[in-house]
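Asks: Okay, predicted coordinates and the sequence, questions at the end:
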Amino acid sequence: MSDFEKDQVTTEATETAVKKTAEIEHEFEESTVEGTEFTLNDDRRVKTLSPGRLVAKRFFRNRVAVFGLAVLTFMFLFSYLGGVLMPYRQDQIFYRYDAAQKRYAAIKENNELRYVVSEGKDFSSVARAKFVLAIKGTEKTFESQGTTFEFEKEGENFYSISTGGEVIAFAAYDIVRSSTGNDKLPFELAFNMLQAIYDKQNTFEFDGKTYQVDSEGSATLDGSEVAYASKYSIQAATSDIYLSRAFEEELVDALSSGSKEFFFKDADGVEAEYRLDYNPGTGDWIVMQETETKVFDTYSGPSKEHWLGTDRNGMDMLTRLMYGGRVSLYIGFIVVLISTVIGVIMGGMSGFFGGWVDMLIMRIVDIFYCIPSMPIIIILGSIMDTLRVDPQIRMIYLMLILGILGWAGTARMVRGQILSFREQEFMVAAEATGIRASRRIFRHLIPNVMPQLIVSMTMGLGSTIITEATLSFLGLGVKFPFASWGNIINDVNDTYVLTNYWFIWIPAGVLLLATVLAFNLVGDGLRDAFDPRMNR
């Protein structure tokens, strides 16, 4: 073939190649205009995408990973935005009014002698014991601690006790009380009153005044009741309860008639129901008052005010869940950030410098791998309980402990990646240009490790949240009044709560499960997006 023919063939081939290239460019422009999508393995398409966009495309084409991302987005909005919009605080306590049975008094029919001693006189327990023995005999006197006492039977189960011709005490089944609430009646008034009752007299004298006595054992002066005698011993449950004469009469009537319940209206016009319960151990009748009492609104079911009910402290469950999610996510991110920073620094130095630096850091990593993390955390939690560390400071300590104990895995992963990168051409070129070591590590090596770090951090968030929830459930993590999903589930401390109050533990458990699962799904999606060969 002549040179002219060869030049002609070459010219035709060149023209054909130019035409084909023009056609391809034209088709690409038309497809771009018409919105035609190319596959990821199409060279023309790949050239138009940056590495970040490629990763995003692969990630968002993974439906499971996108679902996990949607769940995480909901959790963040629920925890952070929900807590702002919620009208309640996480430590706000709600109350309700319940009809509660409250111990009010005790009553017992008196079947033993009660002693009343004159003011300034002494009638000791030894003298009382000898008096009990003396009344069973025929003598009217007895001695105690060198003193001779005389006694006289004034009536059935009513005795006067004197020494030197002066009555210093009396013993009777009947108890004389003041009608005005003052139990310290003058000795002479009480004694003269009982004498009149047993002698069936209508009047008696005291302090120059004449008192009237009726058949029911009530003493009056000028038409006003002063005192009364009763065979019943009645005691108020607390010192602030005043048992009026009218109440005691109503109580005695109910007991005498065999009724176990009665109603009584006090001086303020407030009517209450009272119930009598017999105590066989002491022989007393316990008087229980049914009153409307302000109590914690504990374990209240879902309602308009509380969509998920209330917990054992009377706090809104939905609000606690929102703030609990905020605390759990906050702790998870801080712990992962601490462990990642420490792991990157230690792993970067180990992988880059090698030699004795690598050996030293790897032995430290081995030590941290051998540390029993959970027992140490439990011990430190018990110490903080003993020292009563403030709940907010306790959360900071918890994050530091979890972060410091969890960096070893990250360090080993970073070291392995840097060992594979440091001998490649771009690192040789960087070293040849005289770039200092710190810049080569943090500007060239670490950015190439970031994809693996992001996946590791995402996967680690789920396990950190589980660890925090476990510690809080055991009472060693986040403390009251701060909420976390772990200490919310801690309310389920017995079978009754577990079976009857589902709204206490199921929502927190579902949120915890969904969050950890979502972090794992997103982590898997990022791993596949950064390295598509992992799918093969």
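Replies: Right, received. Where do you want to start?
Asks: Validate this expectation: residue 378 resides in a strand.
Replies: No - looking at residue 378 with DSSP: H, G, I helix; E, B strand; the rest coil, it is helix, so not inside a strand.
Asks: Now it: closest residue in space that isn't a chain neighbour?
Replies: Distances taken as CB to CB, 6 or more residues apart in numbering put residue 476 closest to residue 378, at 5.9 Å, once the chain neighbours are dropped. Heads up, the C-betas are built off the backbone N, CA and C, glycines and all.
Asks: Neighbours of that neighbour, how many?
Replies: The burial count assigned to residue 476 is 22, neighbours taken as other CB atoms under 10 Å.
Asks: Could you say which helix or strand holds residue 507?
Replies: helix 502-530 (DSSP states H and E).
Asks: Let me know the average pLDDT across that helix.
Replies: Across helix 502-530, pLDDT averages out at 89.
Asks: Which elements pack onto that helix?
Replies: Using 3 or more CB pairs under 8 Å, 6 or more residues apart in numbering; DSSP states H and E as the contact test, the elements touching helix 502-530 are helix 51-60, helix 63-76, helix 317-353, helix 446-473, helix 485-489, helix 495-500.
Asks: List the buried residues in the fourth one.
Replies: This points to helix 446-473. For helix 446-473, a neighbour-count test (16 or more other CB atoms under 10 Å) marks 446, 449, 451-469, 471-473 as buried.
Asks: re earlier: can you put the helices and strands packed on helix 502-530 in CSV and add distance to residue 187?
Replies: Output for the helices and strands packed on helix 502-530, formatted as CSV (distance: least, CB to CB, whole Å):
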stretch, distance to residue 187
helix 51-60, 96
helix 63-76, 78
helix 317-353, 63
helix 446-473, 65
helix 485-489, 62
helix 495-500, 56
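Asks: between the ones you listed, which gets nearest to residue 134?
Replies: helix 495-500 (59.5 Å; CB to CB).
Asks: and the closest one, how far from the chain's centre?
Replies: 17 Å (CA atoms, centre = their mean, to the nearest Å).
Asks: Please apply the same query to stretch 383-396.
Replies: The answer for stretch 383-396 is 15 Å, by CA atoms, centre = their mean.
Asks: Repeat that for stretch 57-69.
Replies: That offset, for stretch 57-69, works out to 37 Å (CA atoms, centre = their mean).
Asks: Just want the most central residue of this protein.
Replies: residue 480 (5.1 Å; CA atoms, centre = their mean).
Asks: how about that one, what does it touch?
Replies: Neighbour list for residue 480: 313, 391, 487 [criterion: CB atoms under 8 Å, 6 or more residues apart in numbering].
Asks: so which of the helices and strands packed on helix 502-530 is the most packed in?
Replies: Ranked by mean neighbour count under mean count of other CB atoms under 10 Å, these are led by helix 485-489, which reaches a mean of 26.
Asks: which helices and strands does that one pack with?
Replies: helix 317-353, helix 446-473, helix 502-530.
Asks: Can you say which of those helices is nearest to residue 61?
Replies: Here helix 502-530 is closest among these (CB to CB), at 8.7 Å.
Asks: buried sites along the closest one?
Replies: Quick answer for helix 502-530 (16+ other CB under 10 Å): 503-505, 507-508, 511-512, 515-516, 518-530.
Asks: okay, the angle between that helix and helix 446-473?
Replies: 170 degrees (axes from the mean of the first three to the mean of the last three CA atoms, to 10 degrees).
Asks: if we can go back for a sec, isn't the residue nearest to residue 378 up against residue 379?
Replies: No - using CB atoms under 8 Å, residue 476 makes no contact with residue 379, being 9.4 Å away.
Asks: mind listing what residue 170 touches?
Replies: Residue 170 neighbours (CB under 8 Å, 6+ apart): 115, 116, 154, 158, 159, 160, 161, 190, 191, 194.
Asks: what bridges to it?
Replies: residue 116, residue 160 (DSSP bridges).
Asks: roughly how far apart are it and residue 164?
Replies: 16 Å (CB to CB, to the nearest Å).
Asks: JSON lines please, covering the contacts of residue 480 and showing distance to residue 297 and pLDDT.
Replies: Shown next, in JSON lines, are the contacts of residue 480 (distance: CB to CB, whole Å; pLDDT from 0 to 100):
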{"residue": "313", "distance to residue 297": "9", "pLDDT": "87"}
{"residue": "391", "distance to residue 297": "23", "pLDDT": "84"}
{"residue": "487", "distance to residue 297": "19", "pLDDT": "84"}
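Asks: Residue 221: which of the residues you listed is nearest?
Replies: For these, the nearest to residue 221 is residue 313 (55.5 Å; CB to CB).
Asks: helix or strand for residue 401, which one?
Replies: Taking DSSP H and E as the criterion, residue 401 maps to helix 391-405.
Asks: In the helix or strand following that helix, which residues are buried?
Replies: Using DSSP H and E, the helix or strand that follows helix 391-405 towards the C-terminus is helix 408-421. For helix 408-421, the neighbour count (16+ other CB under 10 Å) marks 408, 409, 410, 411, 412, 413, 414, 415, 417, 418, 421 as buried.
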